[in-house]
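# with the sequence up front, the predicted model follows.
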Amino acid sequence: MKDLSVNKTYGTFTSEAEVRFQRLLPGPIETVWEYLTDSEKRGTWLASGTMELKVDGKVELNFLHSSLSDEKSYPDKFKAMENGISGVEKITAIDAPRFLSFTWHPDSEVSFELEEKGEDVLLTLRHYKLTDEFGKLMVSSGWHTHLDILVSKIYKESVPKFWQTFTQHEAAYGEKLKSLSKK
């Protein structure tokens, strides 16, 4: 029996400016890579949009959170995102199908590393160059929620409600960040 507890763990703040997540996903590695780079597959758990798979290539991210789960209502503080939001980023490093890194608005960067573990793939996501507490809270809560959806999609499980899950993670990461700032 596989130990999938890593798929439920919270992200780790590895420094004041970085959060790291790991998830164990069924292989092959090419399938997981497609969930990162293919607009349609990425759109089922994060954001659709074209991606030029080369250094300095354009990454379009078209977020429509209501398309990720059957939950259609938005919390008041995120109502402005109800009809979707988009951004354009730039690939900073790529080694298909093992590593992808791109900029993240406004000044941070996110990377995905894929490592084969037998028939499975260990996904390590790092979001770094985070400079403020609110950004750390939004990034950590958001990535955890999006990864929960990715895991459910790949394992063909029921998809958690996006905003309900985000709100739970936001509270937990808020506490984690408070305890880190006391150190």
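Nice, I can see it. Since we're looking at a predicted model, the values are computed, not measured.
# contacts for the longest helix along the chain?
When the chain is parsed with DSSP state H, its longest helix is helix 133-154. Contacts of helix 133-154 with the rest of the structure, by Cβ atoms under 8 Å, 6 or more residues apart in numbering, involve 7, 10-11, 13, 19, 21, 23, 25-26, 31-32, 35, 44-46, 68-69, 104, 108, 125, 127, 130, 157-160, 162, 165-166, 169-170, 173-174, 176-177, 181. Just so you know, the C-beta spots here come from the backbone N, C-alpha and C atoms, and that holds for glycine as well.
# per-residue pLDDT, the residue nearest the centre of the chain?
Centroid-nearest residue in the chain: residue 143, 3.6 Å away (criterion: Cα atoms, centre = their mean). pLDDT for residue 143: 98.
# distance of it from residue 109?
13 Å (Cβ to Cβ, to the nearest Å).
# are any of the contacts of helix 133-154 buried, and if so which?
Among those, those scoring as buried are 7, 11, 13, 19, 21, 23, 25, 32, 35, 44-46, 68-69, 104, 108, 125, 127, 130, 159-160, 162, 165-166, 169-170, 173, 176-177 (criterion: 16 or more other Cβ atoms under 10 Å).
# ranges for the helices of the protein?
29-37, 39-43, 133-154, 162-181.
# show me the shaky parts of this structure.
For the chain, applying pLDDT under 70 flags the ranges 1, 183.
# what's the neighbour count on the closest residue in space to residue 44 that isn't next to it in sequence?
Closest residue to residue 44 apart from its sequence neighbours, by Cβ to Cβ, 6 or more residues apart in numbering: residue 153 at 5.4 Å. Neighbourhood size, residue 153 [other Cβ atoms under 10 Å]: 16.
# then residue 100?
22.
# so it makes contact with residue 34?
No - applying Cβ atoms under 8 Å as the test, residue 100 and residue 34 come out as separate, 11.7 Å apart.
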